[in-house]
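**Q** Sequence first, predicted model second:
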Amino acid sequence: MPTDLDLEKYAELAVRVGINVQQGQTLVVSAPLTAVELVRKITRKAYEAGAKNVHVEWNDEEITKIKYELAPDEALSEYPMFRAKGWEEFAANGAGFLSIYSTNPDLLKDIDPKRVAAATKAAGTALQGWRHYTMAHKVAWSLISTPTPEWAAKMFPDLPVDEAVAKLWELILKATRVDLDDPVQEWKEHNARLSKTVDYLNKKQYRQLVYKGEGTDLTVNMPDNHVWHGGSTDNEKGVTFNPNMPTEEVFTMPHKDGANGTVRSTKPLNYGGNLIDNFTLRFENGKVVDFAAEKGYETLKLLLDTDEGARMLGELALVPHRSPISDTNLIFYNTLFDENASCHFALGRAYPITIEGGAEMTKEQLSERGANDSLIHVDFMMGSSSMNIDGITADGRAEPIFRDGNWAIEFD
């Protein structure tokens, strides 16, 4: 289990590097009840950093499950607008948003997926205004995790629950570099390494990326003036923050109409408390026209039917197979970790920041430039040790980017 010092270091990292709390800023924290000890330390660290206010919103998965089991259908199609408008107001006033993402992968496995889809769509619709602030990086936001007994038991079913939780804590602290003497400095150096990769790819401006791997044969067109990101980034006030901790990816947007071929998942996807596994998507002119799944087919179908943009790609991300999280050889059943062990795509909305000037564009302008729009943004993993990726240059030359799952490029 983490020591008090571990939690102090983790809290400091979340406040100073994740959000980079500024003098007079409000911090909004979303967290499960199991994270109470860490959240108390985060609250103290935030006030010490100069926060004006720390607003904490607690969530409890068992209450969520009870609602899905017993609430009438109409309740699942509603979302509390006071909360949506409140978060939007926080964002308009420059708040930072820290979320502790620690879900039970099997929480809703016995719930009708249609009920989950209805609630997910209602939330996505209500929170569109707030999500514009975060996805356009107008505000600082960050995502971290802490273990829950259910999540730990899913990862380590052969261990007693307390040992499983302790093992998962060990992995989280290592992945976020909290186990090192100076995590804040380690993250500065890590961000600098990712920045070199970003700079290289931004200069290249590949016209297409071609993927070939386990069950994947896909060509993706890239929009003009696309922008790669990775590690830390700046909000509109120039404050540097880290959206994901851990992170090993560099990412950008594909052209919404430009995916052709087939992609196969290589890790389970935890979506809305249900697992989708061993699934395949076939794209024509950017849209999923056929799909299959060994597990979670109905959940995948409902995800794809959320709206028109849910069948198109909004993000592509590159992560080498030889990376800290991948090297554990574990499936985390948590997208924050699994997406940083594998190349991945996201179905749904593109980040406006991944095209030049996109943060200031209207939805119509973004669409004209090739950016996808949707109520959802769902990452799924498709990288493997056999993944090869080529970048096609403006003059039609193919340059190796990945070979056998890892970078085929030397970065200065």
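**A** Nice, I can see it.
**Q** show me where this protein has helices.
**A** 4-13, 36-48, 61-70, 73-76, 81-92, 113-126, 128-135, 149-155, 161-175, 183-204, 297-304, 335-338, 363-368 (DSSP state H).
**Q** quick one: the second one to helix 4-13, angle?
**A** Calculated by axes from the mean of the first three to the mean of the last three Cα atoms, to 10 degrees, helix 36-48 forms an angle of 50 degrees with helix 4-13.
**Q** Residue numbering should commence at 357 henceforth.
**A** All right, first residue 357 from here; so that's helix 392-404.
**Q** Buried residues, helix 392-404. List them.
**A** Residues L394, V395, K397, I398, T399, K401, A402 are the ones in helix 392-404 that count as buried (16 or more other Cβ atoms under 10 Å). (C-beta placed from N, C-alpha, C; glycine too.)
**Q** Also the fourth one?
**A** If you call a residue buried by 16+ other Cβ under 10 Å, then helix 429-432 has these buried ones: L432.
**Q** what comes into contact with it?
**A** K423, Y424, R471, A474, A475, A478 (Cβ atoms under 8 Å, 6 or more residues apart in numbering).
**Q** Next: the second one.
**A** For helix 392-404, contacts defined as Cβ under 8 Å, 6+ apart pick out 363-364, 366-368, 370-372, 375, 377, 383, 385, 387, 410, 412, 454, 456, 502.
**Q** what's near enough to touch the residue nearest the centre of the chain?
**A** For the chain, L692 is the residue whose C-alpha lies nearest the centre (Cα atoms, centre = their mean; 5.5 Å). The neighbours of L692, taking Cβ under 8 Å, 6+ apart as the test, are Y457, L499, I500, S501, N600, P602.
**Q** between the contacts of helix 429-432, which is nearest L658?
**A** A474 (9.0 Å; Cβ to Cβ).
**Q** mind listing what the closest one touches?
**A** Shown in contact with A474 (Cβ under 8 Å, 6+ apart): D429, L432, S433.
**Q** before we move on, what about N598?
**A** N598 touches V373, G374, S498, W543, N547, G587, S588, T589, counting by Cβ under 8 Å, 6+ apart.
**Q** mind giving me TSV with those residues and columns for neighbour count?
**A** Converted to TSV, the contacts of N598 look like this (neighbours: other Cβ atoms under 10 Å):
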residue	neighbour count
V373	24
G374	28
S498	21
W543	24
N547	18
G587	22
S588	20
T589	17
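**Q** Give me the contact list for the longest strand along the chain.
**A** In the chain, with assignment by DSSP state E, the single longest strand is strand 630-640. Strand 630-640 is contacted by residues 461-462, 464-465, 467, 469, 472, 571, 574, 615-621, 624-625, 644-653, 655-656, 659, 669, 689, 736 when judged by Cβ under 8 Å, 6+ apart.
**Q** Give me the mean pLDDT for it.
**A** Strand 630-640 carries an average pLDDT of 97.
**Q** Same question for stretch 427-444.
**A** 96.
**Q** which residues sit in contact with the closest residue to H546 other than its chain neighbours?
**A** Nearest residue to H546, sequence neighbours excluded (Cβ to Cβ, 6 or more residues apart in numbering): G587, at 6.6 Å. By Cβ under 8 Å, 6+ apart, G587 lies in contact with H546, N547, A548, R549, L550, S551, V554, N598, T603.
**Q** follow-up on the earlier one: which ones among the contacts of L692 map onto strands?
**A** Using DSSP E, these in strands are L499, I500.
**Q** Redo the contacts of L692 as JSON lines? Include pLDDT, neighbour count and distance to D416.
**A** Formatted as JSON lines, those follow (pLDDT from 0 to 100; neighbours: other Cβ atoms under 10 Å; distance: Cβ to Cβ, whole Å):
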{"residue": "Y457", "pLDDT": "95", "neighbour count": "16", "distance to D416": "15"}
{"residue": "L499", "pLDDT": "98", "neighbour count": "20", "distance to D416": "19"}
{"residue": "I500", "pLDDT": "98", "neighbour count": "25", "distance to D416": "18"}
{"residue": "S501", "pLDDT": "98", "neighbour count": "24", "distance to D416": "17"}
{"residue": "N600", "pLDDT": "97", "neighbour count": "20", "distance to D416": "24"}
{"residue": "P602", "pLDDT": "97", "neighbour count": "25", "distance to D416": "25"}
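**Q** tell me which of the contacts of L692 is nearest to G714?
**A** The closest of the contacts of L692, once distances to G714 are taken by Cβ to Cβ, is N600, at 19.4 Å.
**Q** What separation do you get for the closest one and L550?
**A** When distance is defined by Cβ to Cβ, to the nearest Å, N600 is 11 Å away from L550.
**Q** ok, of the contacts of strand 630-640, which come out buried?
**A** Using 16+ other Cβ under 10 Å, the buried ones in those are 461-462, 464, 467, 469, 472, 574, 615-617, 619-621, 624-625, 644, 647, 649, 652, 655-656, 659, 669, 689, 736.
**Q** Low-confidence regions, this protein specifically.
**A** Scanning the chain for pLDDT under 70 picks out the ranges 768.
**Q** can you do 80?
**A** Counting by pLDDT under 80, the chain contains low-confidence residues at 767-768.
**Q** re earlier: which ones among the contacts of strand 630-640 map onto strands?
**A** Among the contacts of strand 630-640, the ones falling in strands (DSSP E) are 574, 615-620, 625, 644-651, 669, 736.
**Q** so which of the helices of the chain comes closest to I709?
**A** Going by Cβ to Cβ, the one of the helices of the chain nearest I709 is helix 484-491, 7.6 Å.
**Q** Restricting to C-alpha, output that closest one in CSV.
**A** Output of helix 484-491 as CSV, limited to C-alpha atoms (Å, rounded to 0.1, in the frame of the first residue of the first chain):
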residue,chain,number,x,y,z
GLN,A,484,-21.1,19.7,-24.8
GLY,A,485,-20.4,23.3,-23.6
TRP,A,486,-18.0,22.2,-20.9
ARG,A,487,-16.2,19.7,-23.1
HIS,A,488,-15.5,22.4,-25.6
TYR,A,489,-13.4,24.2,-22.9
THR,A,490,-11.4,21.0,-22.1
MET,A,491,-11.0,19.6,-25.7
